[in-house]
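> Give the three-dimensional model of this entry:
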Amino acid sequence: MCLLRYLLYPLSLIYFFITFLKNFLYEINILKSTSFDIPTIGIGNLSFGGTGKTPMSEYIIENFNKSFELAFLSRGYKRSTNGFILASENSTVEQIGDEPFQILKKFKNIKVAVDVDRSNGVKKLIKDFPKIEGIILDDVFQHRSIDLKLSILLTTYRKPFYNDHIAPVGTLRESSSGSKRADIIIVTKCPIDLKEESKIKIAQKIKLKNNQDLFFSSIDYDDKLLGRDQIEIGQILKRKVLLITGIADSTPIVDHLKRKKIVFSHISYGDHHFYDRSDYERISDEFKNYLILTTEKDFYKISKLGLKNDIYYFKIKIKFLDSENRFKKIIESNLTN
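Next up, the predicted model:
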């Protein structure tokens, strides 16, 4: 592994200089960022996925969509379509991507759209829906063509950006110094009992600027499993269980099942995996009588395979370890002003 990292180091240097140059050109205004009249709240990370952007987007939408007319804009990773797409009740997961599809299914009263060109996507939403009061943008930290009103950077407790390296040696999309552009930094997927001294040490390593806020959050798993019906997690203790994940980091889910004393097999796919006939055949042949447990965004895709297995997914929420009201006040202030 050490030899491989050594061999990849020149590629990381090239990647570093490319991203450094791009950011530098924005800093000296050769490349321009567009500002908008309505609040734009961006949620992103420095690494390649797995920090909890979708749950954080859902948290903000769930807490503020009744008070504000909100829209959600994403790239729609691995979708089959191109350009700007406004999601509707007839949209498929293939057309808009798994994470926007999950948002669409969960929140009926907001506009959900996808566009690789985030600036164009914002312009389209504002033009077509002038009553929109705020736009939540997913995975937008590196998209500096938009001058965000509020930039939220997520990093995980297990692999914080200050312990990571530029890809391909590590998982960073740009230098860890990019964290200075964030207004809020949230350390996600923390242990629920994280001690204050640990928070202080993390804050020291992050080296916050005076205008930055730091929060800590964990994942809260509901004991109810959702699917065609609803069951308690204790009901699967004596079942044969197959965990299927197509996410960047399945460690928290695996750890949760182990804490619940669930015995399970695990098939792990890459992030945003789209399931096909070969997956159907493997699951049907090897796990015919198993209960399938998966994530919410995987559930919508696996359900389309036509498997005869019982299929359920975890309902998860963001749980702030402290200062949740302060976080909500920051969001509300940015949506109001």
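> Quick one: residues contacting the residue lying closest to Ile61 once chain neighbours are set aside.
In this structure, Ile61 finds its nearest non-sequential neighbour in Phe107, 5.5 Å apart by C-beta to C-beta, 6 or more residues apart in numbering. (Glycine included, C-beta is placed from N, CA and C.) Going by C-beta atoms under 8 Å, 6 or more residues apart in numbering, Phe107 touches Glu58, Ile61, Glu62, Asn65, Phe72.
> Leu137 now?
Thr40, Ile41, Gly42, Ile43, Leu73, Ser74, Arg118, Val122, His143, Ile146, Leu148.
> State the mean pLDDT of the stretch of helix or strand the fifth one belongs to.
Using DSSP states H and E, the secondary-structure element containing Leu73 is strand 70-74. Across strand 70-74, the average pLDDT comes to 98.
> Note down every partner strand of the helix or strand following that strand and its orientation.
Going down the chain from strand 70-74, the next helix or strand is strand 85-86, by DSSP H and E. Counting by DSSP bridges, the strands paired with strand 85-86 are strand 111-114 (antiparallel).
> neighbouring contacts of the strand it pairs with?
Under C-beta under 8 Å, 6+ apart, the answer for strand 111-114 is 70-76, 79, 81, 84-87, 96-97, 100, 103-104, 121, 124-125, 129, 132.
> can you do 7 Å?
Residues outside strand 111-114 that contact it (C-beta atoms under 7 Å, 6 or more residues apart in numbering) are 71-76, 79, 84-87, 96-97, 100, 103-104, 121, 125, 129, 132.
> just stretch 221-229 next, same as before
Gln230, Ile231, Glu232, Ile233, His256, Asp310, Ile311, Tyr312, Tyr313, Phe314, Lys315, Ile316.
> which one of the residues you listed is nearest Ile152?
Ile316 (18.2 Å; C-beta to C-beta).
> which residues pair with that closest one across the strands?
Tyr221.
> PyMOL command for the buried members of the contacts of strand 111-114?
Buried subset of these, written as a PyMOL selection, criterion 16 or more other C-beta atoms under 10 Å:
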select buried, resi 71+72+73+74+75+76+79+84+85+86+87+96+97+100+103+104+121+125+132
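> so how many other residues sit close to Leu208?
Neighbours of Leu208 under the rule other C-beta atoms under 10 Å: 14.
> Now do the phi/psi pair for the closest residue in space to it that isn't next to it in sequence.
The shortest distance from Leu208 to any non-neighbouring residue, by C-beta to C-beta, 6+ apart, is to Leu214 (5.8 Å). Taking degrees, to the nearest 10, you get phi -120, psi 130 for the backbone angles of Leu214.
> Do I have it right that Leu214 meets Lys205?
No - using C-beta atoms under 7 Å, Leu214 makes no contact with Lys205, being 11.0 Å away.
> Those two: which is more packed in?
Set Leu214 next to Lys205 and count neighbours by other C-beta under 10 Å: Leu214 wins out with 15 against 11.
> if we can go back for a sec, identify, from the contacts of stretch 221-229, the entry nearest to Leu293.
Scanning the contacts of stretch 221-229 for proximity to Leu293, where the rule is C-beta to C-beta, the winner is Tyr312, at 5.6 Å.
> what sits opposite the closest one in the beta ladder?
What pairs with Tyr312, by the bridge criterion (DSSP bridges), is Gly227, Leu293.
> still on that earlier bit, most neighbours out of the contacts of Phe107, which is it?
Phe72 (25 neighbours).
> Which parts of the stretch 201-337 of the chain are helices?
251-259, 277-286, 296-302, 324-336 (DSSP state H, counting those that start in this stretch).
> what's the most buried one of those helices?
Highest mean neighbour count among these (mean count of other C-beta atoms under 10 Å): helix 296-302, with a mean of 21.
> Tell me the helices and strands packed up against that one.
In terms of contacts (3 or more C-beta pairs under 7 Å, 6 or more residues apart in numbering; DSSP states H and E), helix 296-302 is packed against helix 98-106, strand 241-245, strand 311-320.
> one more time with 10 Å, if that's ok
If you count contacts as 3 or more C-beta pairs under 10 Å, 6 or more residues apart in numbering; DSSP states H and E, helix 296-302 packs onto helix 53-64, helix 93-96, helix 98-106, strand 213-227, strand 241-245, helix 277-286, strand 291-294, strand 311-320.
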